[in-house]
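Undergrad: Give the three-dimensional model of this entry:
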Amino acid sequence: MKSLEIKDLHVSVEGKHILKGVNLTIKENEVHALMGPNGNGKSTLFATIMGHPKYIVTQGSILLDGQDVLAMSVDERSRAGLFLAMQYPQEIPGVTNSDFLRAAMNVRRESPIPLFTFIKEMEKTIEDLQMKEDLAHRFLNEGFSGGEKKRNEIVQMELLKPAFSMLDEVDSGLDVDALHIVANAINKMRQETKMSLLVISHYERFYELIEPEFTHVLVDGKIVLEGGKELAEKIDAEGYDWIYKEYNVQPASVVEENKTPISLGSCAVRKATEQK
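TA: The predicted structure is shown next:
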């Protein structure tokens, strides 16, 4: 059975200690909710797992099916089955969605995907996410609305078929209809591939649609409380103050998650598409 194991993970950003000993195990076909106040390490955890160079691991380990994730480059992590749907997807002018996706799919295969097969798969995925038909020919996220960018992240996820997906507030910016479309696509993919999810969201509505089995609360760089779906429901109803009092913890000041777009290397994307 596939597993992602995070053990005693400590991470610093520009000299500031953000993650202070995170322990988390995600097994195949599980859905985990990652909750906590803004600025306390949630997005840092995701960026660290994917290998953003800004985030420095000072202690601990991340293992994917027993393999050392921290020893892998960003593209190796992706090819190993990790995927991050970003909260703020970057616009990449000059690179079309179809070129980007076909290049990303090809590096996961022994031989390039036939053009006709790729077109059929992409058209089906665009239809599943109810995106505009010209999506394949548009530059990656350029001129997209916030909701379109989020749905385009799920298009990428569906085509790349990762084993473990991290969704960083992928529901923000979506209207009610789009929220159901995205959730339905995610649930369908889980049924077909047994993909596992680690999800950041501030909205109980999204959790109701994807139904996490486990909830983890991250405060000041540590997971201070864990439970099932009912914990997410209680936090939605009562907030975090009861956790601060009952577990004698205080949230960090909002400095870590400064809400700037995360780039894992747009130059690498260009290079990959040029070599397709």
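
Undergrad: quick one, strands of the stretch 1-150 of the chain?
TA: Ranges of strands in the stretch 1-150 of the chain, per DSSP state E, counting those that start in this stretch, are 3-13, 16-27, 31-35, 55-64, 67-68, 82-85, 92-96, 139-140.

Undergrad: angle of the first one against strand 31-35?
TA: Just to be clear, that refers to strand 3-13. Interaxial angle of strand 3-13 relative to strand 31-35 (axes from the mean of the first three to the mean of the last three C-alpha atoms, to 10 degrees): 20 degrees.

Undergrad: Could I get the average pLDDT for stretch 84-95?
TA: The pLDDT scores in stretch 84-95 average 93.

Undergrad: can you check stretch 250-262 too?
TA: 58.

Undergrad: Same question for stretch 129-141.
TA: On average, stretch 129-141 scores 92.

Undergrad: Show me what that stretch is in contact with.
TA: Outside stretch 129-141, the residues within contact range by C-beta atoms under 8 Å, 6 or more residues apart in numbering are 89-98, 100, 119, 122-123, 126, 144, 148-149, 151-152, 154-155, 158, 178, 181-182, 185, 269. In short, each C-beta sits where N, CA and C put it, glycine included.

Undergrad: What are the buried residues along it?
TA: 129, 131, 135-136, 138-141 (16 or more other C-beta atoms under 10 Å).

Undergrad: what distance separates the start and the end of that stretch?
TA: Taking C-alpha to C-alpha, to the nearest Å, stretch 129-141 runs 15 Å from one end to the other.

Undergrad: taking the buried residues of stretch 129-141 as a set, which two sit the farthest apart in space?
TA: Across these, the longest distance by C-beta to C-beta is 17.9 Å; it joins Leu129 and Phe139.

Undergrad: Output the below-cut-off pLDDT ranges for this protein.
TA: Along the chain, the model assigns pLDDT under 70 to residues 254-276.

Undergrad: which residues in it form helices?
TA: 42-50, 74-80, 97-106, 115-128, 146-160, 176-193, 204-210, 229-238, 241-246, 266-274 (DSSP state H).

Undergrad: ok, back up a step: figure out which of the strands of the stretch 1-150 of the chain is closest to Glu208.
TA: strand 31-35 (11.1 Å).

Undergrad: returning to that earlier point: could you turn the buried ones of the contacts of stretch 129-141 into a PyMOL selection?
TA: This is the PyMOL syntax for the buried subset of these, where burial follows 16+ other C-beta under 10 Å:
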select buried, resi 89+92+95+96+97+98+100+122+126+144+148+149+151+152+154+155+158+178+181+182+185+269
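
Undergrad: Run through who's touching stretch 4-20.
TA: So stretch 4-20 is in contact with 21-26, 41, 44-45, 48-49, 54-64, 82, 164, 196, 220-222, 252, 255-256, going by C-beta under 8 Å, 6+ apart.

Undergrad: burial measure for the residue nearest to Val219 when sequence neighbours are not counted, as a count.
TA: Distances taken as C-beta to C-beta, 6 or more residues apart in numbering put Val249 closest to Val219, at 4.9 Å, once the chain neighbours are dropped. For Val249, the count of nearby residues is 17 (other C-beta atoms under 10 Å).

Undergrad: May I ask you to confirm that Val249 is in contact with Asp220?
TA: Yes - between Val249 and Asp220 there is a contact at 6.2 Å, judged by C-beta atoms under 8 Å.

Undergrad: buried residues in stretch 102-116?
TA: By 16+ other C-beta under 10 Å, the buried positions in stretch 102-116 come out as 102-106, 113.

Undergrad: just stretch 211-218 next, same as before
TA: Those buried within stretch 211-218 under the rule 16+ other C-beta under 10 Å are 212, 214-218.

Undergrad: Turn the residues you listed into CSV, columns for distance to Ile200.
TA: Conversion of these to CSV gives the following (distance: C-beta to C-beta, whole Å):
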residue, distance to Ile200
Pro212, 11
Phe214, 14
Thr215, 12
His216, 10
Val217, 12
Leu218, 9
